[in-house]
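> predicted structure and sequence below. I'll ask about it afterward.
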Amino acid sequence: MHRRTLRAVSAAAVLALLIPAVAQAQTGLGVRAGSFSVSGDHVEMDASTAFGAHLALGFIPVLKFQLGIEYLKGDATYDYDGYAAVENEFQSIGVYADVRYPIEVLPLVPVKPVVGGGLDLNVMSYWDEETVAGLDPGADLADFQHVGYHLIVGLLFDPPVLPFTITAEYRMQWISLEDDEVTNNGILLGLTFGF
């Protein structure tokens, strides 16, 4: 009889710990938009338009995972030694995965600072040195795939009674190219609907 009671109490204790964790875990779909600046040894872009979609996964209450895709486009200046500076579009489609940690400063306050980071795969269209060397007015951009990484700081608005969250974040992204390292810095606003 003691064993059954002990098992029942143990099972109840485990459920008591898991139920709040599952309740707090948030899964949802969202959208985001913002602007990035791009800089490197050979490319500069002051502002670009960025937008995308993401899947938010909340397996662990204290961490938030995101998988997403983003498109970035803007006018950039390309400058290679020995060639005159040229202007054309810079485009990038990125698939990313990151982990975010909301910091609870005050209990029951729905606004929390967030820090995080992750990895991304970027398919980028831009002029490289070879393209510039044979440049003609109708030259196409060269396409390249590159792995990068990013860090995030921002704010999360997570009201307990509403089915959505809002994020405002500053992202720093580094992408290594064959002849350059490109840094993307941007501000993004996101809206995630839970389900």
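Structure received.

> now do the strands in the chain.
Under the criterion DSSP state E, strands of the chain are mapped to 28-39, 43-57, 64-78, 86-102, 111-126, 142-157, 164-176, 181-194.

> format the ones you listed as JSON lines; extra columns: mean neighbour count and mean pLDDT.
In this view, the C-beta of every residue, glycine as well, is placed from N, C-alpha and C. Below are the strands of the chain laid out as JSON lines (neighbours: other Cβ atoms under 10 Å; pLDDT from 0 to 100):
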{"stretch": "strand 28-39", "mean neighbour count": "18", "mean pLDDT": "93"}
{"stretch": "strand 43-57", "mean neighbour count": "18", "mean pLDDT": "89"}
{"stretch": "strand 64-78", "mean neighbour count": "19", "mean pLDDT": "90"}
{"stretch": "strand 86-102", "mean neighbour count": "18", "mean pLDDT": "88"}
{"stretch": "strand 111-126", "mean neighbour count": "17", "mean pLDDT": "91"}
{"stretch": "strand 142-157", "mean neighbour count": "16", "mean pLDDT": "90"}
{"stretch": "strand 164-176", "mean neighbour count": "18", "mean pLDDT": "93"}
{"stretch": "strand 181-194", "mean neighbour count": "18", "mean pLDDT": "92"}
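
> for residue 81, see how far away residue 88 is.
In this view, residue 88 and residue 81 are 18 Å apart by Cβ to Cβ, to the nearest Å.

> I meant to write residue 193 there.
Between residue 193 and residue 81 the distance is 49 Å, computed by Cβ to Cβ.

> burial count for the nearest residue to residue 41 once chain neighbours are set aside?
For residue 41, ignoring the flanking residues on the chain, the nearest one in space by Cβ to Cβ, 6 or more residues apart in numbering is residue 180 at 4.7 Å. For residue 180, the tally of surrounding residues (other Cβ atoms under 10 Å) stands at 17.

> ok, residue 180 touching residue 39?
No: judged on Cβ atoms under 8 Å, residue 180 makes no contact with residue 39 at a distance of 9.9 Å.

> what's near enough to touch the residue lying closest to residue 57 once chain neighbours are set aside?
Of all residues not flanking residue 57 in the chain, residue 65 sits nearest, at 4.3 Å (Cβ to Cβ, 6+ apart). Neighbouring residues of residue 65 by Cβ atoms under 8 Å, 6 or more residues apart in numbering: 56, 57, 58, 59, 97, 98, 99, 100.

> closest one to residue 108 out of the residues you listed, please.
residue 58 (18.9 Å; Cβ to Cβ).

> my read is that the closest one contacts residue 64, right?
Yes: here residue 58 reaches residue 64: they are 5.7 Å apart, a contact under Cβ under 8 Å.
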